[in-house]
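>>> Here you go, sequence then predicted model.
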Amino acid sequence: MATEQEVNHIAELADVGINPEELAAFTHQFNAILEYFDVLDRVSGDTAPTRDLYNVMREDETDPSLPQEEVLRNAAAQEDGFIKAPRVM
Amino acid sequence: MAGHGITFEPDDRYNAFLTTCTKAPHGQGKLCGIAVAVKDNISTRGIETTCASKILKGYVPPYDAHVVGLLRQSGAAIVGKTNMDEFGMGTTTENSAFGPTLNPHDTARVPGGSSGGSAAAIAAGMVRMALGTDTGGSIRCPAAFCGIVGLKPTYGRVSRYGLIAYANSLEQIGPMGRTVSDVSTLMGVIAGHDRRDSTSHDRPYTHTPKGDIKGLKIGIPQEYFGPGVDPQVAAVVNKAIGRLEELGATTVSCSIPSMEYALAAYYVTCTSEASSNLARFDGVRYGPGADTKRSWHESFRDVRRAGFGPEVRRRIMLGTYALSSGYYGRYYAKAQIARENVKKDFTRIFSKVDVIAGPTMPTIAFTLGEKSEPLSMYLTDILTVPVNLAGIPAISVPCGTAEGMPVGLQIMGSPWEDERVIDVAYAYEQAVT
C-alpha cells in the first residue's frame, strides 16, 4: 500500500504535480491498481529474459534538416535563435 | 498535382475531429481524392497535432510522420485530425482534453478508444478510411464498438516515425475503414520499411484480400469466452465463428494460460515506457512555455500539472513507481517475463492453428461515465492487450449486434501474417453482406 505521502513523493519525482484535493482519490486509485499488479507475483523467474535482439545500424550520413525558424516556431520563449529554458543551476 | 483538392465541411455532431481541413489538397495515386482522417497523435506538417492534450495545444509539427508522407504520395486528401484519449491513454475517448467523442450508433455511449474519433468518423460516414494507433487495443476496441474494421499490424510492419510516442515497444499505426477491402488498401499504402524507425522491417504489403478459407484451422482460446465476457457478446461471436466453419474452416479449442497476468504485464510495461516518453513535455520546445525565471523542477511541474489530464499523470506516476529502485524487480522485470510467456503461448498455439479467433471486447460500448474508476476501465482491455505484448497482427471485423450495439470479431495471426487475418476477416465479411 502506498501512503498519500508516498504518492505525493512520486508525483514530485515525476514532475507531474498533484493538487491537494486530488491526493486522496489518486492514492485510492493508485493502490487499487498496485493491488491488481500483485498478480505478477505468480510469475516465476527473477530477471527479464534476454531475447534475440540485434542492433540495426546505418551509415551516419547527413540528411537535409529543418530550417532554424521552423524548429523555433513552436517554442514559446526564444532568444537570439535559441530556445529559452528555465535555469538548471 | 497542384490545384487538386476536396472541400470537407462535415457535420461533426459526434466530436470525432479535433481539427478539420476545409480545403484538403491531394495529388494523384491509389487513394486519389479519397478523404482520410488521421489520429491526432500522428504528426502532420502544417496541421495542428495535440494528442488531445492541453500541453500540445497550438503545436504545429514542422514535419510529416512517415505514414502521412505516404498518404500524401498516394493522393489521399488529409481532411482532419481525430479525437482520442489524451496521448492514447484510455479505452473510451473520454480522456480527451477537448471533450469525449460520442458513438454514432448511440450517443449515450462511448465510441471506444483510444482511436475513438477515427472510428466514429468512419461509422458516421464522414470519411471512408482513417489511421489509428494501437498500443493495447486502441484500433480494435473502437472498431468493435463503432461497427467498423480496424487492423493492428505486426509490430515493425508500419513505421512509427512521427508518431508521438506513448509506449514504443507495444504500439503500431494501423488502418481503419468501413470494409476489409478499404483497410487492406490503406495497409498497402502505409506498410514497408523506413530507415528512420529502427524497429521497421522491410515487409511491404501488396495483398488483395481473398475470401477462400477452406481448410483453415482456427484456435478458439477458452479465456476469450470465460468469466468477464458478456454472454450476449460471446454468443454473437460464436455464431460468427460458426459462419467461418460453414465456409470450410475447422476450429480447435486452445488456451492462453499467461492471460492470467497479461493485463498487469501490459499496464506495468506501458506506464513504464510512458513515464520515460512523456518526460519531453515540459513546455520548452513546444507547448505552453515554461517560466524561465524559476527553477526547472518547479517550472516543469506546474506546466505538466496544468497541461496533463489526470489519467496521463496517473500513468506517468505508475511507471515512475514501477521503475523505481526497490520495485523494479517486482514489477517491470516480472512484467517482461510475463510478456515472454504470452509470446510463448502464442507461438505454441500457432504451431497447431493458422489463426486465433474470439471477441475483440468483452462487452458492447460502455455508456459515458460508466468506467470512471481507472482499474475498471483497464480490465476491459483484457482481450486486446495480449496481441500487443506478442507483437502479432490482429483485426476486428463487425459480426453482428448485442442490445442493438455492434460487436467485433477479433482474428489474431502469426507475426507477419497480416495478409492472413485480413483474408479471414474478408471471407467473413463477404459471407454476411
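Here it is on my side, so go on.

>>> what's the closest non-adjacent residue to the spatially most central residue of chain A?
The centroid of chain A falls nearest to residue A:14 when counting by Cα atoms, centre = their mean (6.9 Å). Leaving out its chain neighbours, the residue that sits closest to residue A:14 by Cβ to Cβ, 6 or more residues apart in numbering or on different chains is residue B:320, at 4.3 Å. Backbone N, C-alpha and C define where each C-beta goes, glycine included.

>>> Quick one: residues contacting the residue nearest to the centre of chain A.
Applying Cβ atoms under 8 Å, 6 or more residues apart in numbering or on different chains, we find residue A:14 in contact with B:275, B:313, B:316-317, B:320.

>>> Quickly name whichever of the residues you listed is closest to residue B:106.
residue B:313 (30.7 Å; Cβ to Cβ).

>>> Distance from the chain centre to the helix or strand hosting that closest one, please.
Counting by DSSP states H and E, the element that carries residue B:313 is helix B:310-323. With Cα atoms, centre = their mean, to the nearest Å as the basis, helix B:310-323 stands 21 Å off its chain's centre.

>>> and if you look at stretch B:414-423?
With Cα atoms, centre = their mean, you get 17 Å for stretch B:414-423.

>>> burial count for the residue nearest to residue B:333 when sequence neighbours are not counted?
Leaving out its chain neighbours, the residue that sits closest to residue B:333 by Cβ to Cβ, 6+ apart is residue A:48, at 4.8 Å. By the criterion of other Cβ atoms under 10 Å in any protein chain shown, residue A:48 has 17 neighbours.

>>> In this model residue B:331 seems to touch residue A:48, though I could be wrong.
No: assessed by Cβ atoms under 8 Å, residue A:48 is found out of contact with residue B:331, at 11.1 Å.

>>> Next, the contact list for the residue nearest to residue B:333, please.
Counting by Cβ under 8 Å, 6+ apart, residue A:48 has contacts B:332-333, B:336-337.

>>> go again using 10 Å as the cut-off
Each residue near residue A:48 by Cβ atoms under 10 Å, 6 or more residues apart in numbering or on different chains is listed here: B:328-329, B:332-340.

>>> and the residues you listed, which are buried?
B:332-340 (16 or more other Cβ atoms under 10 Å in any protein chain shown).

>>> As JSON lines, those with secondary structure and pLDDT would be great.
Putting the buried ones among the contacts of residue A:48 into JSON lines (DSSP: H, G, I helix; E, B strand; the rest coil; pLDDT from 0 to 100) gives the following:
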{"residue": "B:332", "secondary structure": "helix", "pLDDT": "94"}
{"residue": "B:333", "secondary structure": "helix", "pLDDT": "93"}
{"residue": "B:334", "secondary structure": "helix", "pLDDT": "96"}
{"residue": "B:335", "secondary structure": "helix", "pLDDT": "97"}
{"residue": "B:336", "secondary structure": "helix", "pLDDT": "95"}
{"residue": "B:337", "secondary structure": "helix", "pLDDT": "96"}
{"residue": "B:338", "secondary structure": "helix", "pLDDT": "97"}
{"residue": "B:339", "secondary structure": "helix", "pLDDT": "96"}
{"residue": "B:340", "secondary structure": "helix", "pLDDT": "95"}
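
>>> out of the residues you listed, which one sits closest to residue B:4?
Nearest to residue B:4 among the buried ones among the contacts of residue A:48 is residue B:339, at 46.2 Å by Cβ to Cβ.

>>> Against residue A:8, how distant is the closest one?
With distances taken as Cβ to Cβ, to the nearest Å, residue B:339 is found 31 Å from residue A:8.

>>> quick check: mean pLDDT across the host helix or strand of residue B:410?
Following DSSP H and E, one finds residue B:410 within strand B:405-413. Averaging pLDDT along strand B:405-413 yields 98.

>>> Let's see the helix or strand just after that strand as CSV, backbone CA atoms only.
Per DSSP H and E, strand B:405-413 leads on to helix B:418-432 as the next helix or strand towards the C-terminus. This file holds the C-alpha atoms of helix B:418-432, laid out as CSV (Å, rounded to 0.1, in the frame of the first residue of the first chain):
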residue,chain,number,x,y,z
ASP,B,418,-1.3,-9.6,-41.6
GLU,B,419,-2.5,-10.9,-45.0
ARG,B,420,-4.0,-14.0,-43.5
VAL,B,421,-6.0,-12.2,-40.8
ILE,B,422,-7.3,-9.8,-43.5
ASP,B,423,-8.3,-12.8,-45.6
VAL,B,424,-10.3,-14.4,-42.8
ALA,B,425,-12.0,-11.1,-42.0
TYR,B,426,-12.7,-10.6,-45.7
ALA,B,427,-14.2,-14.1,-46.0
TYR,B,428,-16.5,-13.5,-43.1
GLU,B,429,-17.5,-10.0,-44.4
GLN,B,430,-18.2,-11.3,-47.9
ALA,B,431,-20.3,-14.2,-46.5
VAL,B,432,-22.6,-11.9,-44.4
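
>>> those strands in chain A, which residues are they?
For chain A, the strands defined by DSSP state E cover A:78-79, A:82-83.

>>> quick one, which of those strands is nearest to chain B?
Relative to chain B, the nearest member of the strands of chain A by Cβ to the nearest Cβ is strand A:82-83, separated by 5.8 Å.

>>> related to what we said a few turns ago, paired strands for the strand holding residue B:410, with orientation please.
strand B:355-359 (antiparallel), strand B:394-402 (antiparallel) (DSSP bridges).

>>> quick one, longest helix in the chain?
If you meant another chain, say so; for now it's chain A. In chain A, assigned by DSSP state H, the helix with the most residues is helix A:23-37.

>>> sorry, should have said chain B
Under DSSP H, chain B gives helix B:259-277 as its longest helix.

>>> Go through that one and flag the buried ones.
B:259-275, B:277.

>>> How about stretch B:21-32?
B:21, B:24, B:26-27, B:29, B:31.

>>> Near chain A, list only the ones from the residues you listed.
Among these, proximity to chain A is found for none (Cβ under 10 Å from any Cβ of the partner chain).
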